[in-house]
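Enquirer: Quick check, what structure comes out for this input:
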Amino acid sequence: MQSLPRTSALTPTPPHIHPRPLLPLQAPLALSPPSTPPASRSSPIPNYALTTHIYPAAHPRTLQHSTAPPSPVLEKAPEGEDKEARMARVERERAELVRLRMEAGSRGAEEGGQQLGVVVERFVRRGATGEGVTLVLAHANGMPKETWDPTLQSFLEHYAGPLPIDEIWALDSVQHGQSAQLNAGKLGLVFDWSDNARDILSLISHLPPTPTTSSPTLLSRSSTTPPEARPRKLIAIGHSFGGCSIARLAAAHPTLFHSLILIDPVIRPPPSPPTPTSWSCSSPSSPTLSSPTLTPLKPGSSAGATHSSLVRAALSRRHTFPSPSAAHTLLARSSFFGRWDPKVLEVYIKHGFVPTPSSSSTTSSFSLSATSSEEEVTLATPSPHEASVFAEDLTPHEAWALLPSLPASLPVLWVVADEVDDGRKRSGEGVMGSLEHRAETVWRAPGAENGVLEGAGHLIVQEKPKELGEAMAMFLGRVLAGGDAPVLRMGRTEGEKTRARL
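Expert: Here you go, the predicted structure:
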């Protein structure tokens, strides 16, 4: 990989951005395990045992209507709907989701909400002694946790660091995959990304005392000791939405992690001037159960169109298929999924879909079994909830503003997408803003270094798992050994390494 050059100076945070403190975790409400005990799948990683667990999501949620579903805002598609009518319907739904998010931002923390749960997989190295490292993985929006499998396989194949990887925890965010099934009927259509950061903190608070400690299906807090003071060497790895979440958590708890790996995270500077989908927030002097007031700002430039288009795309995507094999055939032919590594697509088909609920059922059935039969399947992450995640446009700006506050002693590796996709130079706004914004953002954290993964688009985990795993192994092997050399270039000739980037 080749690094983006260091910028001469950092852009100051605009005066209308005042990052909110994360709401503190309160004692969760009672969370009952599902009636059917979750059965773990076979471990895809040699020499690691896999178990599946559930733990309480952060409570309360940051925004009203995060769990108490408001009146339905999504219209049922009429039979015979033509393309023009479908586009108009999707646009109405998009506007309504954004409106709900903006209105919820001015009402403070949720009161009387339901307790959500999070499904997490735990990989434990056979023979672990507790002296090694624990990884925590946070996925991109729309992606089930299992899509990490090929990256982890590559990472562990190449890793040769001084400390063993004793444990790996990979979670499904509350509206994703198996967590979405667990929380069916409880999820609202409002979501704040800071709650994903808090859910990761809740996971860390529910970790067993050591990697060698067995745990029941439903995790409980084993200690009142703050997570930072527990004897674990934690490394957080996040992609896209997940990368933003772990950066936001690290800013709130700067001694929690040993190091971070941010994979093309959705972290970007706020638009200037502000747009209707940006926010002004007045932060209280200390964290309380009342959220700071959020008010929409005056219209400005067209920035923010990126996240609106993603909301629209999530609402428009096909969500049911006649069978898993039909889904695989159709998706493999598409320009979007066709770029994926075949192993990742196979995992996505197996774990990103569930049997379509019968028309008489009101909620999805909870199952930890992969789809294997030829019955009709539907997305495990419901499209409206994927869209509600894309409707958030505040936390990425807050994370950007907070990056300089991370300690210089915290190593941070940014693995970012190539600016060339299918041979065409990208233009306009990406998940990290413009190319100029990205070139600065990767250096905002004091302990940062970066690498551009050649040929990869934003979905690096899905498109380049082998190369990503190798980059992660090189970085962690070095920082765990106390090295400070820049991240190495890999997999290219000397002539290719010198190709201009910006």
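Enquirer: What ranges does the stretch 101-250 of the chain have for its helices?
Expert: For the stretch 101-250 of the chain, the helices defined by DSSP state H, counting those that start in this stretch cover 149-158, 177-182, 193-205, 241-252.
Enquirer: What is the shortest one packed up against?
Expert: Using 3 or more Cβ pairs under 8 Å, 6 or more residues apart in numbering; DSSP states H and E as the contact test, the elements touching helix 177-182 are strand 117-125, strand 165-172. Bear in mind the C-beta positions are built from the backbone N, C-alpha and C, glycine included.
Enquirer: Let me see the mean pLDDT of it.
Expert: Mean pLDDT, computed over helix 177-182, is 94.
Enquirer: before we move on, what about the longest one?
Expert: When pLDDT is averaged over helix 193-205, the result is 97.
Enquirer: Dump the helices and strands packed on helix 177-182 to CSV, plus mean neighbour count.
Expert: Below are the helices and strands packed on helix 177-182 laid out as CSV (neighbours: other Cβ atoms under 10 Å):
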stretch, mean neighbour count
strand 117-125, 24
strand 165-172, 24
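Enquirer: wait, residue 440 sits on residue 7?
Expert: Yes. Counting by Cβ atoms under 8 Å, residue 7 is a contact partner of residue 440 at 4.7 Å.
Enquirer: what about the helices and strands packed on helix 177-182, which gets the closest to residue 74?
Expert: Nearest to residue 74 among the helices and strands packed on helix 177-182 is strand 165-172; the distance by Cβ to Cβ comes to 22.1 Å.
Enquirer: quick revisit: neighbour count winner among residue 440 and residue 7?
Expert: With neighbours defined as other Cβ atoms under 10 Å, residue 440 and residue 7 compare such that residue 440 has more, 20 against 14.
Enquirer: quick one, what contacts that one?
Expert: Applying Cβ atoms under 8 Å, 6 or more residues apart in numbering, we find residue 440 in contact with 7, 10-11.
Enquirer: cool, and residue 480?
Expert: Neighbouring residues of residue 480 by Cβ under 8 Å, 6+ apart: 133, 161-163, 258.
Enquirer: Most neighbours among these, please name it.
Expert: When neighbours are counted by other Cβ under 10 Å, residue 133 leads the contacts of residue 480 with 23 neighbours.
Enquirer: what does the model give that residue for pLDDT?
Expert: At residue 133, the model reports a pLDDT of 96.
Enquirer: how near is the residue nearest to residue 241 when sequence neighbours are not counted to residue 147?
Expert: Distances taken as Cβ to Cβ, 6 or more residues apart in numbering put residue 141 closest to residue 241, at 4.3 Å, once the chain neighbours are dropped. The spacing between residue 141 and residue 147, counted by Cβ to Cβ, to the nearest Å, is 12 Å.
Enquirer: And residue 104, by the same measure?
Expert: With distances taken as Cβ to Cβ, residue 104 is found 29 Å from residue 147.
Enquirer: For these two, indicate the residue with more neighbours.
Expert: Neighbours were counted for residue 104 and for residue 147 using other Cβ under 10 Å; residue 147 has more, 27 against 24.
Enquirer: give the contact list for that one.
Expert: Residues counted as contacts of residue 147 (Cβ under 8 Å, 6+ apart) are 139, 344, 347-348, 351-352, 461-462.
Enquirer: shaky segments in the chain?
Expert: Across the chain, the ranges flagged by pLDDT under 70 are 37-39, 70-73, 106, 272-307, 358-372, 419-429, 484-502.
Enquirer: can we see that at 50?
Expert: Scanning the chain with the threshold set as pLDDT under 50 gives 276-305, 359-365, 368-369, 420-428, 485-502.
Enquirer: Ignoring the adjacent residues along the chain, who's closest to the residue nearest the centre of it?
Expert: Closest residue to the average C-alpha location of the chain: residue 242 at 2.3 Å, with Cα atoms, centre = their mean. Nearest residue to residue 242, sequence neighbours excluded (Cβ to Cβ, 6+ apart): residue 138, at 2.9 Å.
Enquirer: just residue 183 next, same as before
Expert: Spatial nearest neighbour of residue 183, excluding adjacent residues (Cβ to Cβ, 6+ apart): residue 116 at 5.0 Å.
Enquirer: what's the answer for residue 265, then?
Expert: Leaving aside its chain neighbours, residue 265 sits nearest to residue 243 (2.7 Å; criterion: Cβ to Cβ, 6+ apart).
Enquirer: Might you report the residue contacts of that neighbour?
Expert: So residue 243 contacts 138, 262-267 (Cβ under 8 Å, 6+ apart).
Enquirer: Try it again at 7 Å.
Expert: 262-266 (Cβ atoms under 7 Å, 6 or more residues apart in numbering).
Enquirer: Over to residue 133?
Expert: Residue 133 makes contact with 163, 165-166, 233, 235, 480, according to Cβ under 7 Å, 6+ apart.
Enquirer: With distance to residue 406 added, can I get the residues you listed in a markdown table?
Expert: Conversion of those to a markdown table gives the following (distance: Cβ to Cβ, whole Å):
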| residue | distance to residue 406 |
| --- | --- |
| 163 | 22 |
| 165 | 23 |
| 166 | 25 |
| 233 | 17 |
| 235 | 14 |
| 480 | 19 |
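Enquirer: What is the nearest of these to residue 208?
Expert: Closest to residue 208, out of all of the contacts of residue 133 and judged by Cβ to Cβ, is residue 166, at 11.7 Å.
Enquirer: ok, the closest one touching residue 134?
Expert: Yes. If you go by Cβ atoms under 7 Å, residue 166 and residue 134 touch, sitting 6.4 Å apart.
Enquirer: what kind of secondary structure is residue 97 in?
Expert: At residue 97 the chain is in helix, as set by DSSP: H, G, I helix; E, B strand; the rest coil.
Enquirer: unless I'm mixing things up, it is touching residue 314, no?
Expert: No. Residue 97 lies out of contact with residue 314 (Cβ under 7 Å); the separation is 9.4 Å.
Enquirer: Identify the contacts common to those two.
Expert: Listed as contacting both residue 97 and residue 314 by Cβ under 7 Å, 6+ apart are residue 387.
Enquirer: quick one on the thing from earlier: which pair in the contacts of residue 133 spans the largest distance?
Expert: Every pair in these was compared (Cβ to Cβ); the two farthest apart turn out to be 166 and 480, at 12.4 Å.
Enquirer: number of nearby residues for residue 416?
Expert: 26.
Enquirer: which residues are in contact with the host helix or strand of it?
Expert: Using DSSP states H and E, residue 416 falls within strand 412-417. Contacts to strand 412-417, defined as Cβ under 7 Å, 6+ apart, come from residues 260-264, 406, 438, 442, 445, 447-453, 456-458, 460, 468, 471, 475, 487.
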